[in-house]
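Trainee: Dropping a prediction and its sequence here:
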Amino acid sequence: MSGRAEAPPRPAAPPALATIGYEAATLGQVIGRLGDAGVEIVIDVRAVAASRRPGFSKTLLAASLAAAGIDYVHLRALGTPAAGREAARKGRQAELERIYAGQLELPEAMVQAAQMLELAAERPSALLCFEREPAACHRSLLLSSVAPEVEVVDLFA
């Protein structure tokens with residue numbers, strides 16, 4: 001025995017979490033990119049999981065992902081409220097950030113943020129929203145607020 005104490009085990013690094021926006025892509029392109037990245041769960045962080053873009057409304061999206069072997073979870077409370085979406089459309093980033101910060105303080109958002117992190121710890125996951133550019137989307141605000149230590153991998157379809 002050397003008399004030296006063993007260092008305590010280091011906590012595992014948090015898993016990487018991908019993000020993807022479908023603004024400039026088809027459903028096939030998005031599913032292909034998710035598959036290429038090894039994503040097993042898509043976490044939809046839209047407040048309203050409906051879309052004018054073909055294939056991106058909740059029911060069809062979930063079915064299409066399932067056919068590709070990818071699970072789908074909708075965490076509505078992590079979406080941007082209507083006033084925040086309006087601010088984003090008008091390019092008022094500070095207003096979006098203020099509104100979304102308030103959203104994340106709601107109990108249901110806190111619960112769903114914990115659920116998001118649990119899912120990501122279990123299997124490779126990607127957050128899905130509309131905006132192609134992560135910096136223009138609330139998904140970047142979400143991750144910097146609730147998971148600043150998580151490595152983020154932004155996927156582009």
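Mentor: Alright, I've got the coordinates.
Trainee: what comes up buried for the longest helix along the chain?
Mentor: In terms of residue count, the longest helix belonging to the chain (DSSP state H) is helix 107-122. Of the residues in helix 107-122, 109, 112, 113, 116, 117, 119, 120 count as buried by neighbour count, 16 or more other Cβ atoms under 10 Å. Every C-beta, even on glycine, is put in place using the N, C-alpha and C of the backbone.
Trainee: what helices or strands is that helix leaning on?
Mentor: Counting contacts by 3 or more Cβ pairs under 8 Å, 6 or more residues apart in numbering; DSSP states H and E, helix 107-122 is packed against strand 41-44, helix 93-104, strand 125-129, helix 138-146.
Trainee: Deepest-packed of the ones you listed, please.
Mentor: Across the helices and strands packed on helix 107-122, averaging neighbours per residue (mean count of other Cβ atoms under 10 Å) puts strand 125-129 on top, at a mean of 26.
Trainee: What are the contacting residues of that one?
Mentor: 17-22, 30, 34, 37, 39-46, 116, 119, 137-139, 142-143, 155 (Cβ atoms under 8 Å, 6 or more residues apart in numbering).
Trainee: check contacts around residue 44.
Mentor: Residue 44 touches 58, 61, 72, 73, 74, 75, 128, 129, counting by Cβ under 8 Å, 6+ apart.
Trainee: How about the secondary structure of the second one?
Mentor: Right, residue 61. Here residue 61 is recorded as helix under DSSP: H, G, I helix; E, B strand; the rest coil.
Trainee: sorry, back to before: just the C-alphas of the longest helix of the chain, formatted as CSV.
Mentor: Only the C-alpha atoms of helix 107-122 are listed here, as CSV (Å, rounded to 0.1, in the frame of the first residue of the first chain):
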residue,chain,number,x,y,z
PRO,A,107,-43.0,25.4,-12.9
GLU,A,108,-44.0,23.4,-16.0
ALA,A,109,-41.0,24.7,-17.9
MET,A,110,-38.7,23.7,-15.0
VAL,A,111,-40.1,20.2,-15.0
GLN,A,112,-39.8,19.9,-18.8
ALA,A,113,-36.3,21.3,-18.8
ALA,A,114,-35.3,18.5,-16.3
GLN,A,115,-37.1,16.0,-18.6
MET,A,116,-35.1,17.3,-21.6
LEU,A,117,-31.8,16.8,-19.8
GLU,A,118,-32.8,13.3,-18.6
LEU,A,119,-33.7,12.3,-22.2
ALA,A,120,-30.4,13.7,-23.5
ALA,A,121,-28.5,11.8,-20.8
GLU,A,122,-30.1,8.5,-21.8
